[in-house]
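*Asks:* Would you be able to build a 3D model of this:
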Amino acid sequence: MRSKSRPLHRSDTLVASPAILTAIRQLPDSYISPTQPTAFQVAATSTSQSAAFSLRQECRSYISPTQPTAFQVAATSTSQSAAALNCDPSAAGQLHKRSSLLRSYTILALAILPFSTLPAQDTLRITGSTTVAPVVERAAEHLREPANLTIYIDTQGGSSGGIQAIGSGQAHIGMASKQLTDKDRTRFPDATLIEHAIGQDAVALVVSRDVFDGGVQSITREQAQAIYEQKITNWNEIGGPDRRVVFFNKEPGRGTWEVFAAWLYGKASEAPPVNHPEVGANEEVRAKVTRTPGSISQLSASWVNDPAFAALAILDDAGTPIPPTAANIANGEYPLSRPLYVITNGEPTGAAKIMVDYLLSPQGQDLVRAQGYLAPDDLAVTQ
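*Replies:* Reported below is the predicted structural model:
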C-alpha cells in the first residue's frame, strides 16, 4: 500500500541552500502544513517578512516562466498577506516522494487562500487528471508566448484533486476524466462548477503480456468484480496461466477508478473496500504492469501503446468481445467510455477563457486527437 505523507517538520533534511533553510525555519509552525498527499504549503505572513524576503531573493535564480515545474516565485516583495512558492525538487530540494511516477513532481507550496488571492489572470493555475493533462500541456505550449501567459500545471490528486482545487479556489481550471457528481457539487456550495467537455476516452483493463499471451484476452464484468474483490486470485481460474493475480488499483477518487467502480457496482460509492497496492498517474500504471508478471490495472485507453502489456476486451451479455478501440468508444459499445473535462468556477474569464476557448477550437481539438482521444465532433459523426 502507498505510504502516507506527513507535514513538513523543521528537523527534516532538505537538499537546499542555507538561505532557504534559514528562511523556512523562521516561519511560524502554523504556516507549514500539507495541502495534498504529496505537497506542502509555506505561507509567509507579515509576522515573518524577513523570511519571505529571503525566500524570494534566494529563488529568483531558479525562476523559469516557460516551465511550470521550475522553481518559481508567485508572490512579490510587496506582499503583506502571503508568499506562495512553487518548487521543483530537482532545483531546490525534496522532502519526500510518492512511489508513483508523477508527471509533475512539483511541491506545491501554496497556502489555502481565497480565490481572489490567486495570482492575476495572466498567471494560470491548472490541476487535476493525468489523462487530461497531456492535452492541456500541449495547449499551454502554444499559448504561453503568444498570449503572454504564465501557466502552471499540476496533476497531484488526479481528477479529485482538480475538482477540490477549483471548488476551493486554489486553481483557475480543474482537469477531470469523470463527470461531476451531485456529491462533488454539494461539497462546494459557494462554487458554480461548469464542465467543458474537450474529448472522449475510455478506461481499459490492462494486463501484463504473460497473462494476455497465456489465454486471458477478454473478461466479463462478473470476472472483473471477482478479481477486484479477491475472490479470483489465480489467472488459471479463468483460463489463464498458473500465476497469482496482482491487482494494481487506481487510487479511489481518481477519474479512472470512479469509472471502473461505477461499471462494476452501478455507483462508485458502492464499491467495497479492498486491499490492493495502489497506483496513481497513468505513467505509474504502465510501468507497474509492464514489469510485474500476473498483473492487471485500470488505464486510460489512449495509453495502451506498449507491446509489453495489452488491453482486455469486455465480453457483453451475448459473449461478444468488445475491445477499447476508437470505433467502439465513439459508438458507445465499449462500456467504460468517459468524457474528458476542464472545469471552471462559473463561466471562464481572462486567462482561463483563453485556455478553454483554445481547447475547444479546431487547433485544440487536433491536440485532443493527437493524444489518442476522440473529439466531441467525432462522437457526433459516428453516432
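
*Asks:* CA atoms only for stretch 318-337, dumped as CSV, please.
*Replies:* Below are the C-alpha coordinates for stretch 318-337, written out as CSV (Å, rounded to 0.1, in the frame of the first residue of the first chain):
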residue,chain,number,x,y,z
ALA,A,318,-24.0,-12.2,-25.7
GLY,A,319,-20.4,-13.2,-25.1
THR,A,320,-19.1,-10.8,-27.8
PRO,A,321,-15.7,-9.3,-27.0
ILE,A,322,-15.6,-5.6,-27.3
PRO,A,323,-12.1,-4.1,-27.2
PRO,A,324,-11.5,-0.4,-26.3
THR,A,325,-10.9,0.7,-29.9
ALA,A,326,-11.7,4.2,-31.1
ALA,A,327,-14.7,2.9,-33.0
ASN,A,328,-16.2,1.1,-30.0
ILE,A,329,-15.6,4.1,-27.8
ALA,A,330,-17.2,6.5,-30.3
ASN,A,331,-20.3,4.4,-30.9
GLY,A,332,-20.8,3.8,-27.2
GLU,A,333,-20.4,0.0,-27.4
TYR,A,334,-17.4,-0.1,-25.1
PRO,A,335,-18.9,0.1,-21.6
LEU,A,336,-16.1,2.1,-19.8
SER,A,337,-16.2,5.2,-22.0
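
*Asks:* ok, residues contacting it?
*Replies:* Here stretch 318-337 makes contact (C-beta atoms under 8 Å, 6 or more residues apart in numbering) with 200-204, 217-218, 221, 259-260, 263, 301, 304, 311-316, 374, 378-379, 382-383. Where C-beta positions appear, they are placed from N, C-alpha and C, glycine not excepted.

*Asks:* let's see 6 Å
*Replies:* Here stretch 318-337 makes contact (C-beta atoms under 6 Å, 6 or more residues apart in numbering) with 202-204, 218, 259, 263, 301, 311, 313-316, 374, 378-379, 382.

*Asks:* which one in those residues is the model shakiest on?
*Replies:* Least confident by pLDDT among these: that is Thr382, with 47.

*Asks:* circling back to that earlier point, now list the buried members of the contacts of stretch 318-337.
*Replies:* With neighbours counted by 16 or more other C-beta atoms under 10 Å, the contacts of stretch 318-337 contain buried members at 202-204, 218, 259, 263, 301, 311, 313-315, 374, 378-379.

*Asks:* Show residues contacting the helix or strand that contains Trp257.
*Replies:* Element membership for Trp257, per DSSP states H and E: helix 255-265. Here helix 255-265 makes contact (C-beta under 6 Å, 6+ apart) with 129, 159, 176-178, 203, 225, 250, 268, 271, 298, 335-336, 338.

*Asks:* Most neighbours among the residues you listed, please name it.
*Replies:* Ranked by the number of neighbours (other C-beta atoms under 10 Å), these place Ser129 first, at 33 neighbours.

*Asks:* Could I get the contacting residues of that one?
*Replies:* Contact partners of Ser129, counting by C-beta under 6 Å, 6+ apart, are Gly158, Ser159, Gly162, Met175, Ala176, Ser177, Gly255.

*Asks:* Relative to Pro362, how far out is it?
*Replies:* 23 Å (C-beta to C-beta, to the nearest Å).
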